[in-house]
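Trainee: would you be able to build a 3D model of this:
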Amino acid sequence: MYVDSGSSAAKFLDAIGEAEFSHWSVSSNKWGDVLERLAGELAETRWSAPNEQGEQFTWLRHTPGEAKAAVQFAALRRKPEGEMFWRYALVACQPAEGWSPQAVFQRHALKGDKERGFSELLSDLDLHHPPCEKLIANQAFYALAILTYNVLTALKVLDLEDGQQPWRIRTLIRNLLTAPVTVSTHARYTRALIRVPAWLLRIWRLFVRQWIPKRKPGRPSKRDDAIALRL
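Mentor: You can find the predicted model right below:
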């Protein structure tokens with residue numbers, strides 16, 4: 001079980017412990033000053049060897065606030081280049097058998113991935129509020145949103161470069177589904193100039209070739225729905 005720092009109060013830690021989960025972790029910034037002081041007083045031999053990022057890990061036990069029992073914390077410290085003092089991070093936890101403090105942090109980081117996943121759906125696709133009061137209409141709205149999310153995610157995984165894989169849904173929409181357009185009106189017709197990034201030009205040309213009708217030779221049509229597009 002992973003929960004955020006709002007659950008690090010002593011009464012919540014007691015409730016989590018009494019629930020007897022096999023393993024759990026809680027972001028712990030409520031007791032930061034005390035825990036960082038205790039971590040700073042630990043002997044050097046208690047800390048693990050630095051990993052590739054210069055991070056070191058250890059265990060720390062402390063009874064926070066009015067908690068009924070001592071709580072185990074996974075502690076991390078690192079010293080950014082050019083700085084004199086250590087920076088600490090701590091996670092209250094009940095680790096599974098055989099886990100190291102580093103493993104607790106790695107597993108706890110998955111919580112952030114889950115939160116970002118919900119954020120992409122709710123924020124990037126603007127799903128915080130249902131569109132209307134009809135249940136069936138709202139179900140259709142959210143079903144289409146999930147379909148959109150799946151299609152865009154598949155497009156990212158299958159077609160985009162490695163450096164673009166961290167893109168959120170809103171970034172995909174901004175770069176792939178929207179484009180700046182300059183509209184100018186002439187005597188007989190209105191022209192829209194679509195400005196497409198060079199790396200997307202091939203995709204747009206394929207789209208135009210398949211879906212946009214070509215204008216016949218001669219003067220532009222007088223029809224209001226006539227379309228002519230050139231890249």
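Trainee: make it CA atoms for all contacts and neighbour counts henceforth
Mentor: Will do.
Trainee: can I get the one helix or strand residue 12 maps to in CSV, CA atoms only?
Mentor: Take DSSP states H and E as the rule and residue 12 turns out to sit in helix 10-18. Extracted in CSV, the C-alpha atoms of helix 10-18 (Å, rounded to 0.1, in the frame of the first residue of the first chain):
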residue,chain,number,x,y,z
ALA,A,10,0.8,9.6,14.2
LYS,A,11,-2.9,8.6,14.4
PHE,A,12,-2.9,7.5,10.8
LEU,A,13,0.4,5.6,11.1
ASP,A,14,-1.2,3.8,14.1
ALA,A,15,-4.3,2.9,12.1
ILE,A,16,-2.2,1.7,9.1
GLY,A,17,-0.1,-0.4,11.5
GLU,A,18,-3.2,-1.9,13.2
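Trainee: past that helix, which element shows up next along the chain?
Mentor: strand 24-27.
Trainee: how far out from the middle of the chain is that next one?
Mentor: How far strand 24-27 lies from its chain's middle: 19 Å, per CA atoms, centre = their mean, to the nearest Å.
Trainee: same check, this time on stretch 89-102
Mentor: The answer for stretch 89-102 is 23 Å, by CA atoms, centre = their mean.
Trainee: can you check stretch 82-98 too?
Mentor: Offset of stretch 82-98 from its chain centre (CA atoms, centre = their mean): 22 Å.
Trainee: and the end-to-end length of that stretch?
Mentor: 35 Å (CA to CA, to the nearest Å).
Trainee: pLDDT (mean, whole number) over that stretch?
Mentor: The average pLDDT for stretch 82-98 rounds to 86.
Trainee: buried stuff in it?
Mentor: 88, 89, 90, 91, 92, 93, 94, 95 (16 or more other CA atoms under 10 Å).
Trainee: thinking again about what came up before, buried residues of the helix holding residue 12, list them for me.
Mentor: 10, 13, 14, 16, 17.
Trainee: mind listing what the last one touches?
Mentor: For residue 17, the contact set (CA atoms under 8 Å, 6 or more residues apart in numbering) is empty.
Trainee: any idea how far it is from residue 108?
Mentor: Residue 17 is 17 Å from residue 108, by CA to CA.
Trainee: walk me through the domains of the chain.
Mentor: What automatic domain parsing lists as the domains of the chain is 2-114, 125-174, 179-231.
Trainee: what about the helices in this protein?
Mentor: Applying DSSP state H to the chain gives helices spanning 10-18, 32-40, 101-119, 135-159, 169-172, 201-211.
Trainee: tell me which of the domains of the chain is the most buried.
Mentor: Across the domains of the chain, averaging neighbours per residue (mean count of other CA atoms under 10 Å) puts domain 2-114 on top, at a mean of 16.
Trainee: lowest-confidence helix or strand of the protein?
Mentor: strand 2-3 (a mean of 45; mean pLDDT, DSSP states H and E).
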